[in-house]
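Participant: Just the structure for this:
(chains A and B)
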Amino acid sequence: MAILEVRNIEKKFDSTMVLQDVSFSLEEGNALAIIGSSGSGKTTLLRCLNFLEMPDKGSIVVRGETLFDASMPRREQEKGLRTKRLHFGMVFQSFNLFPQYTALENVMLAEKLLAKEREDFKQNKKEIYAQIREHGEALLSQMGLADRMTHYPHQLSGGQQQRVAIARALALKPDVLCFDEPTSALDPELTGEVLKVIRGLAKQKTTMIIVTHEMAFARDVSDQLIFMDDGVIVEQGDPRQVIDHPKEERTKQFLTRYAQG
Amino acid sequence: MFWSVTQSLLDGFLTTFQIFLFTLLFSLPLGLILAFASMSRFRPLRYLVQVLVWIIRGTPLMLQLIIIFYGPGLWLGHNIWKGNETGRITATVVAFAINYAGYFSVIFRGGIEGVPAGQREAGEVLGMTKSQIFFQITLLQMVKRVVPPMSNEVITLVKDTSLARIIAAYELTFAGYSFMKSNGLTWPLFYTGVFYLIFVGALTLLFNYIERRLDYFK
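Facilitator: The predicted structure is shown next:
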């Protein structure tokens, strides 16, 4: 069974159709890359999955549980929104780290807040916090940031900040980790370190959706690829197949334009 | 003479300080509430706050103080403020708290809106509640942004306390002025100024300290 099923998502901003009849499914442990020109709806799709936007039509199902169905009444849709969000992790283009917290505090914050809702929190506060700290430190080490844990975001390079953001998103163990153009805000010499980390996650079979402009990266790292244009999925399938032998005219045009830079 | 002037000025300063302290105590939270109301999705509330802030900022504080102190007595037939010093200070604090809350609300709104939307969104996708996002993420970033404009307002407040003289509250300026009126002495006026300068100097140091304490993040 697919870990994620997205069915017939539609989203309008005022009268502009941003997403139209978007459907796909993702298997556990797979990485899905989404490519397409700016304004094609890729980012909006990720924002819908994280419920930063509410789709106007369609449904989102994770592990067989319907998290969102546009035909449900509004109140029903927003019920338990917080817990529903936890199924997805989000890595933003502009990192959005919390500037007043150190790298480690950024990673631990949400987990600490969630721990307060646990019934045994008062009795086991110390142990719980110790576990969270250990977990946070392990994640940052995994990101190659063991020596940067007590640094504040402004003391880190863009690539380091983005790796902290990845650790922060991983901390809550989401079912699906979403990346919204994770390297677009980085200087070219810093994209490598972030892509390397994502590659590592793919090797560990982290379920991911990666919106990216890095075509070669998308081709290597993903198990599945979607090309979007004007709010619709034009073509999807095996990444090598789609990138090396596109079937659709629009995909061909996009890739040619892209190759020419 | 010097000691009796000092004694009187200290008395006056005590009143000044009380007005200052209680005004801040009430206007800071009230300003934050007004700031939220002015950003509310509920339009009538937003408009109401806008009109309120317009009136508060559009009329002299002295006029507001006179109306708040004398108004109830004239309209209701009995004065809701006690006729003693405490009553005058209370009325002053009420007028000042409302007035300053109006100014603070605009500063706070700017501070909150200045925090990038991505900060709120990052909190949301991490499953935080609205209040967790405000208190754990937005608040401190807002505070950092509002410290410089707030220091201006707070320093203005120190000197605005002298308006309480209009309803005969015995504050610092009143105390200094009374020596000129009764004894024809002018030097107590300068001495009065020294009190204000020391107070404002201390506040300036405090604000510098706060700014430095918040310097650890950008």
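
Participant: Get me the contact residues on chain B for chain A.
Facilitator: Contacts of chain B with chain A, taken as C-beta under 8 Å from any C-beta of the partner chain, map to B:116, B:118-119, B:121-129, B:132, B:136-137, B:140-141, B:144, B:216-218. Every residue, glycine included, has its C-beta placed from N, CA and C.

Participant: List only buried entries from those residues.
Facilitator: Buried members of the residues of chain B next to chain A, scored by 16 or more other C-beta atoms under 10 Å in any protein chain shown, are B:119, B:121-128, B:132, B:136-137, B:140-141, B:144, B:217.

Participant: what does stretch B:111-131 rub up against?
Facilitator: A:50-52, A:82-83, A:85-86, A:88-90, A:92, A:94, A:96-98, A:109-110, A:113-114, A:168-169, A:172, B:35, B:39, B:132-133, B:136-138, B:141-143, B:145-146 (C-beta atoms under 8 Å, 6 or more residues apart in numbering or on different chains).

Participant: at 6 Å instead, please
Facilitator: A:50, A:52, A:82, A:85-86, A:90, A:94, A:96, A:110, B:133, B:137-138, B:141-142, B:145-146 (C-beta atoms under 6 Å, 6 or more residues apart in numbering or on different chains).

Participant: Using CSV, write out every CA atom in that stretch.
Facilitator: This file holds the C-alpha atoms of stretch B:111-131, laid out as CSV (Å, rounded to 0.1, in the frame of the first residue of the first chain):
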residue,chain,number,x,y,z
GLY,B,111,6.9,44.4,15.2
ILE,B,112,4.6,41.4,14.7
GLU,B,113,4.1,42.0,11.0
GLY,B,114,7.9,42.5,10.6
VAL,B,115,8.5,38.9,11.6
PRO,B,116,8.6,37.0,8.3
ALA,B,117,5.6,34.7,7.5
GLY,B,118,8.1,31.9,7.1
GLN,B,119,8.7,31.9,10.9
ARG,B,120,5.0,31.2,11.6
GLU,B,121,4.8,28.6,8.8
ALA,B,122,7.9,26.8,10.1
GLY,B,123,6.1,26.6,13.5
GLU,B,124,2.9,25.4,11.9
VAL,B,125,4.5,22.6,10.0
LEU,B,126,6.2,21.5,13.2
GLY,B,127,2.8,21.0,14.8
MET,B,128,2.9,24.0,17.1
THR,B,129,-0.2,25.7,18.4
LYS,B,130,-1.0,29.4,17.7
SER,B,131,0.0,30.4,21.2
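
Participant: ok now that stretch, how far from the chain's centre?
Facilitator: 28 Å (C-alpha atoms, centre = their mean, to the nearest Å).

Participant: Shouldn't A:E10 be within a strand?
Facilitator: Yes - under DSSP: H, G, I helix; E, B strand; the rest coil, A:E10 sits within a strand.

Participant: Look at it and report its pLDDT.
Facilitator: Here, the pLDDT recorded for A:E10 equals 94.

Participant: what's the spacing between it and A:G41?
Facilitator: 10 Å (C-beta to C-beta, to the nearest Å).

Participant: For the longest helix that chain B contains, buried residues please.
Facilitator: The longest helix of chain B (DSSP state H) is helix B:2-38. Buried residues in helix B:2-38, counting neighbours by 16+ other C-beta under 10 Å, are found at B:5, B:8-9, B:12-13, B:15-20, B:22-24, B:26-28, B:30-32, B:34-38.

Participant: Tell me the helix or strand right after it.
Facilitator: Downstream of helix B:2-38, the first helix or strand assigned by DSSP states H and E is helix B:43-58.

Participant: got the angle for that following helix vs helix B:2-38?
Facilitator: Taking axes from the mean of the first three to the mean of the last three C-alpha atoms, to 10 degrees, one finds helix B:43-58 and helix B:2-38 inclined to each other by 150 degrees.

Participant: Name the residues that touch helix B:43-58?
Facilitator: Helix B:43-58 is touched from outside by B:L34, B:A37, B:S38, B:S40, B:N99, B:G102, with contacts defined as C-beta under 6 Å, 6+ apart.

Participant: Kindly recompute the last result at 10 Å.
Facilitator: Outside helix B:43-58, the residues that touch it by C-beta atoms under 10 Å, 6 or more residues apart in numbering or on different chains are B:33-40, B:42, B:64, B:98-103, B:105-106, B:109.
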